[in-house]
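Colleague: I would like the atomic coordinates for the input below:
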Amino acid sequence: MRIAYYQPNTSWENKHRNFNSIEQALYDLKETVDIILLPETFATGFTDNIEPFVEDYGVGETMLFAQRMAREHSSMVVGTWMVRDKGLIYNRMHFVTPSGQWAIADKRHP
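Modeller: Here you go, the predicted structure:
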């Protein structure tokens, strides 16, 4: 199993800049990998300004980005981002497959 981990120089609260940085790094990969592992809150960095960046569970621009990267690189994309689910906000880990399906894991002690 081949795993690529990318630790970007995260631009706080700037999803599009972070997406562009990750996308470029992935296109620069010389080998095919099975899993692309991204750091916690890779889209926004850690922020106390949560409301403008939280996405509804299962939808949103970060999910679309992860699905696109998984599909284009034929790899599972793993990373966390903030989601709202049943009225609560989670920093939820997502496991996104090339087919667009996903699984999740929440922290036990958020």
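Colleague: wait, what's in contact with residue 22?
Modeller: Contacts for residue 22 were tallied using Cβ atoms under 8 Å, 6 or more residues apart in numbering; they are 6, 8, 38, 42, 69. Heads up, the C-betas are built off the backbone N, CA and C, glycines and all.
Colleague: Greatest separation within the residues you listed: which pair is it?
Modeller: 8 and 69 (13.1 Å; Cβ to Cβ).
Colleague: Show me which of the two is the more surrounded one.
Modeller: Using other Cβ atoms under 10 Å as the criterion, residue 8 and residue 69 rank with residue 69 on top: 21 against 17.
Colleague: Residue 84 falls within a helix, correct?
Modeller: No: in this structure, residue 84 is strand, not part of a helix, as judged by DSSP: H, G, I helix; E, B strand; the rest coil.
Colleague: Please work out how many residues are found near the residue nearest to it when sequence neighbours are not counted.
Modeller: In this structure, residue 84 finds its nearest non-sequential neighbour in residue 54, 5.1 Å apart by Cβ to Cβ, 6 or more residues apart in numbering. Residues near residue 54, counting by other Cβ under 10 Å, number 17.
Colleague: Next: residue 107.
Modeller: Residues lying near residue 107 (other Cβ under 10 Å) number 11.
Colleague: Wasn't it part of a strand?
Modeller: No: assigned with three-state DSSP, residue 107 falls outside any strand and is coil.
Colleague: So it is in contact with residue 91, correct?
Modeller: Yes: look at residue 107 against residue 91 with Cβ atoms under 8 Å: they come within range, at 6.6 Å.
Colleague: State the phi and psi torsions of the spatially most central residue of the chain.
Modeller: Nearest residue to the geometric centre of the chain (Cα atoms, centre = their mean): residue 79, 4.1 Å. Backbone torsions of residue 79, given as degrees, to the nearest 10, read phi -180, psi 170.
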